[in-house]
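**Student:** give the three-dimensional model of this entry:
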Amino acid sequence: MSSAEAGKARMSRRSLVRGLSLLLAAAPALSACSEGFKPLYGVGSSSAGAEGRLARVDYAPIPGRVGQRIRNELVFQGTGGGGGSGDALGHRLEIALKESLTSALVRVDGEAASQIYAVEASFRLLDVNSKKVIFQGTSFARAGFERFSSVYSNVRAREDAENRAAKVIADDIKTRLATYYSREA
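**Tutor:** Numbering: from 1, shown residues only. The predicted structure follows:
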């Protein structure tokens with residue numbers, strides 16, 4: 001064995017020993033973490049899991065076409081389309097939207113070649129009995145679309161962008177509510 005090969009063998013043994021000692025040192029911390037992790041949509045020992053709780057939230061109507069899309073998506077994701085019954089859990093979700101449209105890629109003649117639709121959804125989860133806010137947050141989504149010479153094409157492109165943004169908002173809110181419910185259990 002040459003001196004270079006012997007040096008590599010010592011280095012590999014040394015790195016192996018370091019790795020094993022690091023693993024042994026981290027083992028107690030890693031075992032403690034396993035008790036803290038729970039599946040997000042799993043069932044808790046005392047009550048229904050986050051998925052069951054989401055199915056019983058009362059989703060307040062949201063004004064506008066995009067608001068209706070967000071609410072419908074939340075109801076469908078939470079209940080499979082059957083609608084929520086807020087009585088069982090006693091929680092109501094209220095959402096307020098702020099929408100904006102920004103022109104991008106403006107041509108020399110002043111017409112926009114594309115636009116960006118943005119929506120901000122402020123939500124709050126209320127306890128129905130006490131009317132107290134128990135969880136709140138804000139979700140954002142942006143979706144770009146191209147502008148064409150056809151009016152119909154522009155309307156359709158904007159609606160598609162609004163639908164994509166509404167889906168992103170609904171997914172985010174559902175995930176945040178599920179996280180809240182999984183921590184509460």
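**Student:** ok, now which ones touch residue 167?
**Tutor:** With contacts taken as Cβ atoms under 8 Å, 6 or more residues apart in numbering, residue 167 has the following neighbours: 69, 73. Any C-beta I mention is one placed from the backbone N, CA and C, and that applies to glycine too.
**Student:** quick check: the gap between residue 184 and residue 124.
**Tutor:** Note on residue 184: its distance to residue 124, by Cβ to Cβ, to the nearest Å, is 16 Å.
**Student:** more neighbours: which of those two?
**Tutor:** When residue 184 and residue 124 are compared on other Cβ atoms under 10 Å, the one with more neighbours turns out to be residue 124, at 17 against 12.
**Student:** who does residue 92 bridge with?
**Tutor:** Applying DSSP bridges to residue 92 gives these bridge partners: residue 58, residue 126.
**Student:** likewise for residue 146?
**Tutor:** Taking DSSP bridges, one obtains residue 114 as the residues bridged to residue 146.
**Student:** quick one: it from residue 119, how far?
**Tutor:** Here the distance between residue 146 and residue 119 works out to 19 Å (Cβ to Cβ).
**Student:** the more surrounded of those two?
**Tutor:** With neighbours defined as other Cβ under 10 Å, residue 146 and residue 119 compare such that residue 119 has more, 23 against 14.
**Student:** for the more buried one, phi and psi?
**Tutor:** Summarising the backbone geometry of residue 119 under the convention degrees, to the nearest 10, its torsions are phi -140, psi 140.
**Student:** my read is that it contacts residue 170, right?
**Tutor:** No - using Cβ atoms under 8 Å, residue 119 and residue 170 do not qualify as a contacting pair, with a distance of 11.0 Å.
**Student:** which parts of this protein are strands?
**Tutor:** Shown for the chain, the strands assigned by DSSP state E span residues 58-59, 91-106, 112-127, 133-146.
**Student:** in CSV: those strands, plus distance to residue 76.
**Tutor:** Shown next, in CSV, are the strands of the chain (distance: least, Cβ to Cβ, whole Å):
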stretch, distance to residue 76
strand 58-59, 10
strand 91-106, 14
strand 112-127, 17
strand 133-146, 17
